[in-house]
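Asks: need a structure here:
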Amino acid sequence: MAADAPLHTFNVEGDPEIFGAIDLDAFTEATPARHLLKLTPGVPVDGHYDELAAIFRPVFAKIAEGASDRDATRTLPFEQVGWLNRERFGALRIPVNDGGYGASLRDLFRLLIELGEADSQVAHLWRSHFGFVEAVLQLEDDSMRHRWIERITAGQIVGNAYTERGGNRLGTLNSTIAMSGERWILNGDKYYCTGTIYADWVAVAVAHPTRAGRQIAVVSTQHSRVKIFDDWDGFGQQLTGTGSTTFQDVPVDTVLPEEQQINDPESAIFQLVLLAVQAGISRAVLNDVRSAVQARTRSFSTGTGVPVREEPQVLQLVGEISGTAFAVDSIVLAAVAEVEVALGDPSLSPAERFAVCELAADRAQAIVQPLVLSAATKLFDGLGASATSRHCNLDRHWRNARTVATHNPAIYKSRIIGDYEVNGTAPQQLNAIGDVGPGPGTHLS
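Replies: Numbers count the residues shown, from 1 in each chain. As a prediction, this is how the structure comes out:
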């Protein structure tokens, strides 16, 4: 597994050849390449982060061991989620005084990148949970905040059910809550319910009978009238539980306050989690191409006649992939830092805070995705046709990166950024994805 510290100790002062050539014949299958550069670029030494990483890196290493096989056999990572949950991974952002780890936003995303390197699908399925945690941390209702912090620190996970498969107009939702006796009851059908199959609770986007705009109701996934289906059939990220969920007269545990839905930076957090997943994929691509080049003995007749690990063009390609991984990490963490500053800046109005967070995530998204897709394609250029064997399963990196890149398409984000730069147009909050044109549904605006 990756680590910020070198995996082996080298005597820099006593060994004059430390920065010279490495005898790769001395490498064994279990010996990784030496890393003199920090894994996370531009980030200073952070004792708290090192403490957190020491807790979770052994779990990440176990998760990485079976990642390719799980992808190839479509084996859902329930066990792996359990390993993380035993260490209360979901409580990273909860303050220490409240029983959590007190991780900064940057701490969280550095760990998500490392988890994405181990298995992009396991990292992705936490997206909804960490978005919900940020909402909890902003709650002004003390009793509600305390109740959810207790649940999260106890290891409970929150999934997501925002999007409907079709039949609802853009900006509307067919899923509703209504009062029955003294409590709210939820009905609706959802799709793209990432992480819900692994979760204890699910946050559901609904139309409210008296409030304008999309509202969030939270229900237990254990209720008998909540049906969760693993029917996501995309060619990538197949293990994230991004399938459908149905709700029939399900009692609601919590309706988030109405002000929580106005200029909420949640969408930026959601997008940054996906970008952390992409950063993890770029690292995994680098790991695989490095290992494959080190181990390869066959070469092309059109090469220069030297072993592949000494072939200048192959080394150039590996260097380009390494540079891509470095750049992607840097971009994602810079965006996270900007969001973290905005969330803690009392001088910003809610609308200004939303705009800063959204634009930071949008700018990163516009650049990161093509970089990662390029790296996942270049991997094959240095290895040849044998690398396309299903047994290698190296195509999973491209499939997974391409699937992640379809979320909230970057072309729209680039247009939003351009409109802001040229015309000063602030990003608009999206209520609900839907069909354009007449159709059923409760309008939210």
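
Asks: And the strands in the stretch 101-250 of the chain?
Replies: Under the criterion DSSP state E, counting those that start in this stretch, the stretch 101-250 of the chain contains strands at 158-161, 172-173, 176-180, 183-190, 201-206, 215-220, 226-229, 244-251.

Asks: Give me the sheet partners of the fourth one and which way each runs.
Replies: In this case it means strand 183-190. Strand 183-190 has the following strand partners under DSSP bridges: strand 176-180 (antiparallel), strand 244-251 (antiparallel).

Asks: right, so those strands: which one is the most enclosed?
Replies: strand 244-251 (a mean of 19; mean count of other C-beta atoms under 10 Å). For glycine as for every other residue, the C-beta is placed from the backbone atoms N, C-alpha and C.

Asks: That one to strand 215-220, inter-axis angle?
Replies: Calculated by axes from the mean of the first three to the mean of the last three C-alpha atoms, to 10 degrees, strand 244-251 forms an angle of 90 degrees with strand 215-220.

Asks: Might you list the low-confidence residue ranges for the stretch 151-300 of the chain?
Replies: 167-169, 261-263, 298-300 (pLDDT under 70).

Asks: quick one, helices of the protein?
Replies: Ranges of helices within the chain are 47-65, 67-73, 78-86, 105-118, 120-124, 127-137, 142-153, 266-295, 312-343, 350-381, 395-405, 410-423, based on DSSP state H.

Asks: May I see these arranged in CSV, with mean neighbour count and distance to Y162 as well?
Replies: Converted to CSV, these look like this (neighbours: other C-beta atoms under 10 Å; distance: least, C-beta to C-beta, whole Å):
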stretch, mean neighbour count, distance to Y162
helix 47-65, 17, 26
helix 67-73, 17, 25
helix 78-86, 17, 21
helix 105-118, 25, 20
helix 120-124, 28, 15
helix 127-137, 23, 8
helix 142-153, 16, 18
helix 266-295, 24, 9
helix 312-343, 19, 20
helix 350-381, 21, 17
helix 395-405, 23, 17
helix 410-423, 14, 17
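
Asks: looking at those helices, which is closest to L92?
Replies: helix 105-118 (5.2 Å; C-beta to C-beta).

Asks: The closest one - contacts with which helices or strands?
Replies: helix 47-65, helix 120-124, helix 266-295, helix 312-343 (3 or more C-beta pairs under 8 Å, 6 or more residues apart in numbering; DSSP states H and E).

Asks: would you turn the helices of the chain into CSV with distance to V218?
Replies: Compiled in CSV, the helices of the chain are given as follows (distance: least, C-beta to C-beta, whole Å):
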stretch, distance to V218
helix 47-65, 26
helix 67-73, 29
helix 78-86, 18
helix 105-118, 21
helix 120-124, 21
helix 127-137, 8
helix 142-153, 8
helix 266-295, 14
helix 312-343, 22
helix 350-381, 22
helix 395-405, 26
helix 410-423, 28
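
Asks: Minimum distance to S220: which of these has it?
Replies: Comparing those by C-beta to C-beta, helix 142-153 comes nearest, at 10.6 Å.

Asks: neighbouring contacts of the closest one?
Replies: 88, 90-91, 94, 98-100, 133, 136-137, 139, 158, 200-201, 254, 257 (C-beta atoms under 8 Å, 6 or more residues apart in numbering).

Asks: Swap in 6 Å and give it another go.
Replies: Helix 142-153 has contacts (C-beta atoms under 6 Å, 6 or more residues apart in numbering) with G90, A91, I94, D98, G99, G100, V136, L139.

Asks: show me the contacts for V59.
Replies: V59 neighbours (C-beta under 6 Å, 6+ apart): W83, L84.

Asks: 7 Å instead?
Replies: W83, L84, E87 (C-beta atoms under 7 Å, 6 or more residues apart in numbering).

Asks: nearest spatial neighbour of the second one, skipping sequence neighbours?
Replies: It stands for L84. V59 (5.9 Å; C-beta to C-beta, 6 or more residues apart in numbering).

Asks: Per-residue pLDDT of the one you found, please?
Replies: Among the per-residue scores, V59 shows a pLDDT of 98.

Asks: any idea how far M179 is from E117?
Replies: Using C-beta to C-beta, to the nearest Å, E117 is found at 47 Å from M179.

Asks: Pull out the buried residues from the contacts of helix 142-153.
Replies: Using 16 or more other C-beta atoms under 10 Å as the burial test, these include G90, A91, I94, G100, V136, L139 as buried.

Asks: how much space between the second one and V336?
Replies: Read that as A91. 19 Å.

Asks: Also the third one?
Replies: Plainly put, I94 is 18 Å away from V336 if you go by C-beta to C-beta.

Asks: Pull the CA coordinates from stretch 215-234 and hand them back as CSV.
Replies: This file holds the C-alpha atoms of stretch 215-234, laid out as CSV (Å, rounded to 0.1, in the frame of the first residue of the first chain):
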residue,chain,number,x,y,z
GLN,A,215,-36.2,18.4,1.1
ILE,A,216,-34.3,15.5,2.7
ALA,A,217,-36.0,12.8,4.8
VAL,A,218,-34.0,10.1,6.5
VAL,A,219,-35.4,6.6,7.0
SER,A,220,-34.0,3.3,8.3
THR,A,221,-32.8,0.8,5.6
GLN,A,222,-33.9,-1.9,8.0
HIS,A,223,-37.6,-1.2,7.7
SER,A,224,-39.5,-4.0,5.9
ARG,A,225,-41.0,-1.6,3.4
VAL,A,226,-37.6,-0.4,2.2
LYS,A,227,-36.5,-2.6,-0.8
ILE,A,228,-32.9,-2.2,-2.0
PHE,A,229,-31.9,-3.7,-5.3
ASP,A,230,-28.4,-4.3,-6.7
ASP,A,231,-29.5,-3.6,-10.2
TRP,A,232,-26.8,-1.1,-11.3
ASP,A,233,-25.6,-2.4,-14.7
GLY,A,234,-22.9,0.2,-15.6
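
Asks: what does it rub up against?
Replies: Counting by C-beta under 7 Å, 6+ apart, 76, 159, 177, 184, 186, 196-197, 199-206, 208, 238, 241-250, 252-256, 261, 403 sit against stretch 215-234.

Asks: Mind doing that once more with 6 Å?
Replies: Residues contacting stretch 215-234 (C-beta under 6 Å, 6+ apart): 177, 186, 196-197, 199, 201-204, 206, 208, 242-250, 252-256, 403.

Asks: G280 contacts S120, correct?
Replies: Yes: the pair G280 and S120 passes the contact test of C-beta atoms under 6 Å, sitting 5.4 Å apart.

Asks: so N187 bridges to which residues?
Replies: Here N187, judged by DSSP bridges, has bridge partners T176.

Asks: Based on its surroundings, how many neighbours for it?
Replies: Neighbours of N187 under the rule other C-beta atoms under 10 Å: 16.

Asks: ok, for A325, nearest residue in space, not its chain neighbours?
Replies: A325's closest residue in space is S282 (C-beta to C-beta, 6+ apart), at 4.3 Å.
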